[in-house]
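Participant: Output the structure for:
(one chain, ligands or ions: 1)
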Amino acid sequence: MTPAIRTVHWGTGAMGSHALRVAARTPGLAVAGVVSQRSAERAAAALAREAPGAVDSAVAGDDLAEVVARAGGADVVLLATHGHLVDLEAPLAAAFELGLRVVCIGEDAIYPQAVDAELAARLETLAKRRAVAMVGTGANPGYVMDYLPMVLTAVTTGWSSIRVRRASSLAPFGETVLRSMGVGLTPEQFAAAAERGEIDGHVGYDASVAFLAAGLGVSLEIVDNVCEPIVRDRPTELDGHSYPGGVVVGVEQRCRAVAATGQSVILEHPQRLGRLDGEEPLHDLIELDGGDLLRARISPALDGGVATVALMINLIPALMRAEPGIHTIASLPLTPFDAPEARGRVAAANI
Ligand SMILES: NC(=O)c1ccc[n+]([C@@H]2O[C@H](COP(=O)([O-])OP(=O)(O)OC[C@H]3O[C@@H](n4cnc5c(N)ncnc54)[C@H](OP(=O)(O)O)[C@@H]3O)[C@@H](O)[C@H]2O)c1
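Facilitator: Predicted coordinates for the structure are as follows:
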């Protein structure tokens with residue numbers, strides 16, 4: 001029988017915990033370790049909470065090298081901590097040095113070459129030297145606003161504009177994401193924080209646009225990126241969070257990119273906690289216009305947590321066989337797990 005693929009889970013926030021829970025019950029995977037840079041206790045608590053069946057066999061700690069050594073080796077690190085490449089460099093390099101493959105959901109990891117070509121080249125060299133592969137993935141960026149429209153262009157004979165609207169929920173995400181949206185601030189605090197450069201909003205536009213451009217063979221330049229707060233007037237209890245009236249519950253963001261050859265890409269992303277009657281339903285909409293309009297709608301919108309975790313897990317078998325270096329979801333075929341009981345891919349409905 002094919003030995004299980006041994007996973008190490010780095011980051012025990014919302015996404016990291018969810019991925020640990022799913023990995024623990026995915027045939028063909030064995031949880032080898034959990035890493036929380038903040039404390040070994042956090043890692044141990046996450047292991048006990050999300051993967052109780054692995055407590056005796058897996059190792060928890062605050063340092064990747066130590067966890068992997070104590071676990072007697074591992075195959076893949078599932079990295080769910082930061083979004084920006086500058087913060088991801090050290091954990092990626094640490095994993096590569098240990099000869100471990102990486103699935104990373106940080107936004108900049110979707111297409112790192114576009115964020116910082118020099119840093120990405122350094123990581124690529126190291127990954128190749130240590131003969132390991134990595135892939136950046138996630139619902140968005142990494143799927144809805146880039147990979148899906150890219151795939152849909154295959155059934156058109158040309159496109160002049162691409163519009164993607166993703167109206168989604170912030171409920172699956174943790175503090176890192178909510179803080180970057182200014183959730184819980186008053187509109188005045190939001191404006192002041194934005195002025196200080198503290199509101200990132202959706203971090204994935206640069207990555208999505210660069211990934212789309214590479215996939216479609218055009219050169220795209222972002223010409224607007226507007227981020228407005230979504231404020232609720234009434235006090236609300238949303239998705240387990242309580243908010244007084246008059247505070248930010250999400251952001252409405254819109255990015256437009258144009259090509260020198262005339263095509264345009266518009267990426268609209270309202271995301272918020274909860275939904276009140278009368279508000280736009282959650283959905284993903286992709287429109288490709290090239291004379292005939294192709295319109296694809298996913299309703300309700302992909303759950304950003306479920307979809308991100310499913311992608312992390314489902315890309316592991318392909319990553320195990322991939323050529324060393326930095327991959328994208330477009331350069332890896334979706335490959336089933338070898339374990340006969342794995343039933344193809346993880347069913348999103350079951351996670
Ligand atoms: N591509 C996509 O579609 C996609 C989807 C979802 C999330 N993301 C990105 O993935 C990342 C994780 O998301 P999340 O919702 O899980 O966030 P989260 O709940 O805030 O968890 C992030 C975890 O990262 C670690 N961390 C954060 N800041 C740290 C710091 N300054 N020093 C050390 N460790 C730190 C912590 O891990 P420990 O508690 O273990 O110390 C924290 O629990 C975010 O960057 C988010 O933007 C991308």
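
Participant: Ramachandran angles for the residue lying farthest from the centre of the chain?
Facilitator: Most distant from the centre of the chain: Gly291, at 32.7 Å, with distances by Cα atoms, centre = their mean. Per-residue torsions, Gly291: phi 110, psi -70 (degrees, to the nearest 10).

Participant: So what's the residue count around the residue in the stretch 251-351 of the chain that the ligand sits nearest to?
Facilitator: Closest approach between the stretch 251-351 of the chain and the ligand, counting by Cβ to the nearest ligand atom: Thr308, at 4.1 Å. (Each C-beta comes from the backbone N, C-alpha and C, glycine too.) Using other Cβ atoms under 10 Å, the number of residues around Thr308 comes to 25.

Participant: Test for you: state the pLDDT assigned to it.
Facilitator: We note a pLDDT of 96 for Thr308 in this prediction.

Participant: Report the beta-bridge partners for Asp224.
Facilitator: Arg256 (DSSP bridges).

Participant: what's the neighbour count on it?
Facilitator: For Asp224, the number of neighbouring residues by other Cβ under 10 Å comes to 10.

Participant: What residue spans form the domains of the chain?
Facilitator: Taking automatic domain parsing as the reference, the chain has its domains at 5-137+306-350, 147-302.

Participant: still on that earlier bit, the residue farthest from the centre of the chain against Gly158, yeah?
Facilitator: Yes: judged on Cβ atoms under 8 Å, Gly291 makes contact with Gly158 at a distance of 7.5 Å.

Participant: ok so, going back, before we move on, what SS does the residue of the stretch 251-351 of the chain closest to the ligand have?
Facilitator: Assigned with DSSP: H, G, I helix; E, B strand; the rest coil, Thr308 falls in the helix class.

Participant: for it, what are its contacts?
Facilitator: Residues near Thr308 by Cβ atoms under 8 Å, 6 or more residues apart in numbering: Met15, Ile105, Thr137, Gly138, Ala139, Gly142, Pro172.

Participant: Just say which of the domains of the chain is most tucked in.
Facilitator: Mean neighbour count (mean count of other Cβ atoms under 10 Å) peaks for domain 5-137+306-350 among the domains of the chain, with a mean of 20.

Participant: What strand or helix carries Leu267?
Facilitator: strand 264-272 (DSSP states H and E).

Participant: tell me which strands and helices that strand is in contact with?
Facilitator: strand 161-169, helix 205-216, strand 220-232, strand 247-259 (3 or more Cβ pairs under 8 Å, 6 or more residues apart in numbering; DSSP states H and E).

Participant: Next one: the very next helix or strand once past that strand, is it in contact with the ligand?
Facilitator: The C-terminal neighbour of strand 264-272 among helices and strands, as given by DSSP H and E, is strand 283-289. No: figure legend: strand 283-289 not in contact with the ligand (Cβ under 6 Å from any ligand atom); closest approach 12.6 Å.

Participant: Strand 283-289: partners in the sheet, and parallel or antiparallel?
Facilitator: strand 161-169 (antiparallel), strand 293-298 (antiparallel).

Participant: gap between Pro3 and the ligand?
Facilitator: Pro3 is 27 Å from the ligand, where distance means Cβ to the nearest ligand atom, to the nearest Å.

Participant: Check Val203 too.
Facilitator: Distance from Val203 to the ligand, by Cβ to the nearest ligand atom: 6 Å.

Participant: and that residue, what is it in contact with?
Facilitator: Gly83, His84, Glu107, Asp108, Ser180.

Participant: wait, what's in contact with the fourth one?
Facilitator: So that's Asp108. By Cβ under 8 Å, 6+ apart, the neighbours of Asp108 are Gly83, His84, Leu85, Leu88, Val115, Gly136, Val203, Asp206, Ala207.

Participant: follow-up on the earlier one: save the helices and strands packed on strand 264-272 as TSV, and put in distance to the ligand and mean pLDDT too.
Facilitator: Formatted as TSV, the helices and strands packed on strand 264-272 follow (distance: least, Cβ to the nearest ligand atom, whole Å; pLDDT from 0 to 100):
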stretch	distance to the ligand	mean pLDDT
strand 161-169	10	96
helix 205-216	8	94
strand 220-232	15	93
strand 247-259	13	95
